[in-house]
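> what follows is a predicted protein model with its sequence.
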Amino acid sequence: MIKAGIIGATGYAGAELVRLLTNHSKVEIEFLTSRSFTGQKISEVYPALAGIVDLKCEEIDIKQQAKRVDIVFTALPHGVSMSVVPELIKAGVKVIDLSGDYRYSSQKIYEDWYQQKHESSELIDKAVYGLPELNKEEIKEAGLVANPGCYPTSATLALAPVVEEGLVDSQSIIIDAKSGVTGAGRKPSRVTHFSEVAESFKAYKVGEHRHTSEIEQNLAGLSAKEVILSFTPHLVPMKRGILSTIYADLTQKVNSKELIELYQKFYSQEPFARIRQEEKMPEVKEVTGSNYCDLGIKLDKRTGRLIIISVIDNLIKGASGQAIQNLNLMSDLDEKEGLDFAGIIP
Ligand SMILES: NC(=O)C1=CN([C@@H]2O[C@H](COP(=O)(O)OP(=O)(O)OC[C@H]3O[C@@H](n4cnc5c(N)ncnc54)[C@H](OP(=O)(O)O)[C@@H]3O)[C@@H](O)[C@H]2O)C=CC1
Ligand SMILES: CC(=O)N[C@@H](CCC(=O)OP(=O)(O)O)C(=O)O
């Protein structure tokens, strides 16, 4: 059995890791950490786990915790992850970090967009970006995986096939994405509490969200040309899910059938990317509770513009499910282990 620890287990991403790992046949959870709930059982924090995982939350103590495990998930806010990851790596433990701290190959881009100094820049070159559909072989060999952000997962999977083929103008891309409120984490805030969010719908960080740079980095790796795009995130009154509507100008004439075939070919070996063939576009509820990213592709015949709809569950394919997919690859297991289930119906 692979022994795993989860640091930041009482947050939404950490708790989702706990929940999903209870169905993983090759992983045993060895420890969980939290500051606010030290000494309490995770099943007291989340009664849904009662009788399934009753481990007590511990304080972070890397020296002794690193000896007990093979792999650690760090589900901490960005800026905090980089204060624990170096010690874990030094202790010889594999790490999957869910924050933004190790997602960038350029320290400067990280510091510009996250507005903070990178405290462990020596690990930037060692970290592998954990998007299995694009980076599988590197992830298999990695000691430190930087799990992607939720919006970048949805947008990158939607655009990768056409950007790689040079079929879209890399400066014409517009990503209009909407997220459920769990994307902002469990910590309460004025922006996310019920009466602020319910029955409303708003754009935020317009023209300046940090995920713009992560998506650009991902697509630049596939494109022969510079990628500069517009990304606007929105908050919608639902708990989970992201729907991205993406627009891009085509560089050459292609028809809908050819586009769908391109996507099917690109993702033919990928168990968690599903391409819609029919007219009906994917909906958030069709992936909620699952690790799938569903993609709908449409050519707007009047404008000749490509429109892509991409849906994921932000806590699963956008965070904890993808982290388990990465663990499977790093551990030479079936990529689908512990994740092979449909979303919740309806
Ligand atoms: N929510 C989502 O949809 C996604 C989240 N992510 C990333 O995953 C990470 C976790 O996110 P999420 O679970 O939503 O966030 P939460 O705010 O829900 O949870 C954060 C966790 O970290 C702990 N924590 C917070 N501050 C500190 C600190 N200074 N020292 C030690 N522990 C701390 C919290 O517990 P306590 O305060 O008790 O210590 C809690 O367990 C973040 O980096 C986030 O950006 C990535 C993709 C999607
Ligand atoms: C709805 C909401 O607030 N979402 C978060 C993104 C969550 C995520 O993926 O963030 P990381 O890059 O920090 O891991 C945000 O916009 O900041």
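Ah, there it is. Ligands and ions are numbered 1, 2, ... in the order given.

> who's in contact with the nearest residue to residue 71 once chain neighbours are set aside?
Counting by C-beta to C-beta, 6 or more residues apart in numbering, residue 71 lies nearest to residue 94, which is 4.4 Å off, once chain neighbours are set aside. From N, CA and C alone the C-beta is placed, and that goes for glycine too. Applying C-beta atoms under 8 Å, 6 or more residues apart in numbering to residue 94 gives the contacts 70, 71, 72, 142, 143, 144, 145, 330.

> any of these buried? List them.
With neighbours counted by 16 or more other C-beta atoms under 10 Å, those contain buried members at 70, 71, 72, 142, 143, 144, 145, 330.

> the residues you listed in strands, which ones?
Members of those lying in strands (criterion: DSSP state E): 71, 72, 144, 145.

> distance to ligand 2 and pLDDT added to the residues you listed, as a markdown table?
Output for those, formatted as a markdown table (distance: C-beta to the nearest ligand atom, whole Å; pLDDT from 0 to 100):
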| residue | distance to ligand 2 | pLDDT |
| --- | --- | --- |
| 71 | 19 | 98 |
| 72 | 17 | 98 |
| 144 | 16 | 98 |
| 145 | 13 | 98 |
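
> as a markdown table, the residues you listed with distance to ligand 1 would be great.
Shown next, in a markdown table, are those (distance: C-beta to the nearest ligand atom, whole Å):
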| residue | distance to ligand 1 |
| --- | --- |
| 71 | 16 |
| 72 | 13 |
| 144 | 15 |
| 145 | 13 |
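
> now these in CSV, with distance to residue 82?
Output for those, formatted as CSV (distance: C-beta to C-beta, whole Å):
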residue, distance to residue 82
71, 18
72, 14
144, 11
145, 15
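
> setting aside sequence neighbours, what's the nearest residue to residue 117?
residue 111 is the one closest to residue 117 (C-beta to C-beta, 6+ apart), at 6.1 Å.

> if you could redo that for residue 309, that was the one I meant.
Residue 309 sits nearest to residue 296 (C-beta to C-beta, 6+ apart), 4.1 Å away.

> can you count the residues close to that neighbour?
23 (other C-beta atoms under 10 Å).

> what does the pLDDT read for it?
Residue 296 carries a pLDDT value of 97.

> how about the residues of the stretch 201-346 of the chain by ligand 2?
Neighbours of ligand 2 within the stretch 201-346 of the chain, by C-beta under 6 Å from any ligand atom: 233, 235.

> which parts of the stretch 201-346 of the chain are strands?
202-203, 230-235, 242-249, 273-275, 293-300, 305-312 (DSSP state E, counting those that start in this stretch).

> parallel or antiparallel, list what pairs with the fourth one.
This means strand 273-275. Take DSSP bridges as the rule and strand 273-275 pairs in its sheet with strand 293-300 (parallel).

> show me which residues of the stretch 51-200 of the chain sit near ligand 1.
So the stretch 51-200 of the chain meets ligand 1 at 75-78, 80, 98-99, 149-150, 182-183, 185-187 (C-beta under 6 Å from any ligand atom).

> whichever of those end up buried, select them in PyMOL.
This is the PyMOL syntax for the buried subset of these, where burial follows 16+ other C-beta under 10 Å:
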select buried, resi 75+76+78+98+99+149+150+182+183
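
> and the least confident of the residues of the stretch 51-200 of the chain next to ligand 1?
Lowest confidence among those: residue 187, with 93.

> which parts of the chain are helices?
12-21, 42-45, 62-66, 81-90, 107-114, 132-141, 150-164, 194-197, 211-220, 256-266, 321-330 (DSSP state H).

> so for residue 33, which of the ones you listed sits nearest?
helix 62-66 (7.5 Å; C-beta to C-beta).

> what helices and strands are in contact with the closest one?
Identification of packing neighbours for helix 62-66 by 3 or more C-beta pairs under 8 Å, 6 or more residues apart in numbering; DSSP states H and E yields helix 81-90.

> residues in contact with the helix it packs on?
7, 60, 62-63, 66, 72, 74, 76, 95, 97-99, 101-102, 118-120, 122-123, 126, 143-144.

> how about the nearest residue to residue 209, chain neighbours excluded?
Nearest one to residue 209, counting by C-beta to C-beta, 6+ apart, is residue 233 at 5.3 Å.

> where does the residue in the chain that ligand 1 sits nearest to land on pLDDT?
Nearest residue of the chain to ligand 1, counting by C-beta to the nearest ligand atom: residue 11, 1.8 Å away. We note a pLDDT of 98 for residue 11 in this prediction.

> which parts of the stretch 201-346 of the chain sit against ligand 1?
Checking the stretch 201-346 of the chain against ligand 1 by C-beta under 6 Å from any ligand atom, the hits are 314, 315, 318, 319.

> turn those residues into a markdown table, columns for pLDDT, neighbour count and distance to residue 326.
Listed next are those as a markdown table, based on pLDDT from 0 to 100; neighbours: other C-beta atoms under 10 Å; distance: C-beta to C-beta, whole Å:
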| residue | pLDDT | neighbour count | distance to residue 326 |
| --- | --- | --- | --- |
| 314 | 98 | 28 | 16 |
| 315 | 98 | 26 | 15 |
| 318 | 98 | 30 | 13 |
| 319 | 98 | 26 | 11 |
